[in-house]
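Participant: Sequence unavailable; structure follows:
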């Protein structure tokens, strides 16, 4: 009888080891990675932390999955927070989104809340899930600002996501993925039943990095995008080329300690520069204006952020330059002095010359819908000023600056 009890005890211990052997355990039993334990939900669903993570990481950014990755903060095998990174921009793409997971009493993730980012999706997003019997996500419901969308997932035998299907009020959307031997996405297609339109993207990789994207629209070759990287794996150039080579657009990236800069060039003309800080938050933009290919002026905007405001990102300063794109000459600038509270619309803006002398200021009337309905001008001393009092030279830059 004692021998039988001993054999039974050993059998129970072996079963326990089998269920926990896949976990990333420390010697004291603490699980540092995702636990691999399946929790039954009902006859058609179960939850498994390891499989939740594997399916969650395939759920987003569709065509640009190659550019993103995820990291997770675990507490004894449970993901508490997930961080989504735009990895191709190094530290400037870290923690673009923070996703916080909520569990029920059985240890099943029932919802996740994703933080907002005004450069990508401005509103907070809540996800809820349905699972298969292995704990992979098979249905994701996304709720944002009162809008709800439901997406169904299908996997292959390697549990790679091969299709996403969304049924909308006015359209049905299907996304399809194919994979290479190393698990990289080789192609991505999206089709809409209401418009009978479809796009196909084919990807080419070198040393684990995506270097070429070929696009087809309604089965017709549309364009190529070529990508180049530095020795840290950061994207330094993307080149968009039409089939006949008649039009070329290039985005070039420069990385510093405190900010990264993106320059956009089309047919050898510089059109935009964007400066970004951490989390890809835009801190300054440079917009170059041309007339028949001849440079006219550049206007800049500097930004600040306040997540308690309706318009999270807002302009604090603007500059006006003439000269040439490679030798800009400052003409003047403006400072936004005040804003109203409801819509965060500007109510006062002051104009300065290049030497920093205040010339004029404008006060704006904002209606109950957040629309500026009137602009009243004053000189630096506070005397009322009419728009036809501005010289032709002043009109050429002040009105452009303030608009």
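Facilitator: Received the coordinates, thanks. Everything numeric in this text was worked out from a predicted model, so none of it was measured.

Participant: Low-confidence ranges, the chain, go.
Facilitator: 1-31, 308-311 (pLDDT under 70).

Participant: residue ranges for the helices of it, please.
Facilitator: Ranges of helices in the chain, per DSSP state H, are 2-20, 49-56, 392-402.

Participant: Tell me the helices and strands packed up against the shortest one.
Facilitator: Based on contacts counted as 3 or more C-beta pairs under 8 Å, 6 or more residues apart in numbering; DSSP states H and E, the elements that helix 49-56 packs against are strand 78-85, strand 137-144. The C-beta positions use only the backbone N, C-alpha and C, and glycine is treated the same way.

Participant: Excluding sequence neighbours, find me the nearest residue to the one residue sitting closest to the centre of the chain.
Facilitator: The chain has residue 120 as the residue nearest its centroid, 3.6 Å off, counting by C-alpha atoms, centre = their mean. Distances taken as C-beta to C-beta, 6 or more residues apart in numbering put residue 96 closest to residue 120, at 6.4 Å, once the chain neighbours are dropped.

Participant: ok, back up a step: redo the helices and strands packed on helix 49-56 as a markdown table? Include distance to residue 55 and mean neighbour count.
Facilitator: As requested, the helices and strands packed on helix 49-56 are exported to a markdown table (distance: least, C-beta to C-beta, whole Å; neighbours: other C-beta atoms under 10 Å):
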| stretch | distance to residue 55 | mean neighbour count |
| --- | --- | --- |
| strand 78-85 | 12 | 18 |
| strand 137-144 | 4 | 18 |
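
Participant: so which of these gets nearest residue 323?
Facilitator: Nearest to residue 323 among the helices and strands packed on helix 49-56 is strand 78-85 (38.5 Å), distances taken as C-beta to C-beta.

Participant: Give the burial count for the residue nearest to residue 120, as a bare number.
Facilitator: When neighbours are counted by other C-beta atoms under 10 Å, residue 96 registers 23.

Participant: what's near enough to touch it?
Facilitator: 84, 85, 86, 117, 120, 279, 280 (C-beta atoms under 8 Å, 6 or more residues apart in numbering).

Participant: quick one on the thing from earlier: can you tell me which of the helices and strands packed on helix 49-56 comes nearest to residue 374?
Facilitator: strand 137-144 (34.9 Å).

Participant: which other helices and strands contact that closest one?
Facilitator: helix 49-56, strand 125-131, strand 147-155.

Participant: looking at the ones you listed, which is buried most?
Facilitator: The highest mean neighbour count among the helices and strands packed on strand 137-144, using mean count of other C-beta atoms under 10 Å, belongs to helix 49-56: a mean of 21.

Participant: Quick one: work out the angle between it and strand 125-131.
Facilitator: 120 degrees (axes from the mean of the first three to the mean of the last three C-alpha atoms, to 10 degrees).

Participant: List of residues touching helix 49-56?
Facilitator: In contact with helix 49-56 (C-beta under 8 Å, 6+ apart) are residues 22, 33-37, 70, 72, 77-79, 82, 109, 129, 131, 134-137, 153, 155, 159, 161.

Participant: Now with 6 Å, please.
Facilitator: Here helix 49-56 makes contact (C-beta atoms under 6 Å, 6 or more residues apart in numbering) with 34, 35, 36, 134, 135, 136, 137.

Participant: export those to CSV and tack on distance to residue 174?
Facilitator: Shown next, in CSV, are the contacts of helix 49-56 (distance: C-beta to C-beta, whole Å):
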residue, distance to residue 174
34, 30
35, 33
36, 31
134, 23
135, 24
136, 19
137, 17
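
Participant: related to what we said a few turns ago, okay if I get the helices and strands packed on strand 137-144 as TSV plus distance to residue 42?
Facilitator: Below are those laid out as TSV (distance: least, C-beta to C-beta, whole Å):
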stretch	distance to residue 42
helix 49-56	16
strand 125-131	10
strand 147-155	18
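
Participant: what's the closest of these to residue 334?
Facilitator: strand 125-131 (35.2 Å).

Participant: Report all helices and strands that that closest one contacts.
Facilitator: Strand 125-131 is packed against strand 109-114, strand 137-144, with contacts defined by 3 or more C-beta pairs under 6 Å, 6 or more residues apart in numbering; DSSP states H and E.

Participant: follow-up on the earlier one: any idea which of the helices and strands packed on helix 49-56 gets closest to residue 356?
Facilitator: strand 78-85 (40.4 Å).

Participant: Now do that closest one against helix 49-56: the angle between them, please.
Facilitator: 20 degrees.

Participant: And the contacts of strand 78-85?
Facilitator: So strand 78-85 is contacted by 69-73, 93-101 (C-beta under 6 Å, 6+ apart).

Participant: just the strands in the stretch 151-300 of the chain please.
Facilitator: With strands called from DSSP state E, counting those that start in this stretch, the stretch 151-300 of the chain shows them at 161-167, 172-179, 185-192, 197-206, 209-217, 220-229, 235-241, 248-255, 260-266, 269-276, 282-291, 294-305.

Participant: any chance of the helices and strands packed on strand 125-131 in a markdown table, with distance to residue 51 too?
Facilitator: As requested, the helices and strands packed on strand 125-131 are exported to a markdown table (distance: least, C-beta to C-beta, whole Å):
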| stretch | distance to residue 51 |
| --- | --- |
| strand 109-114 | 11 |
| strand 137-144 | 8 |
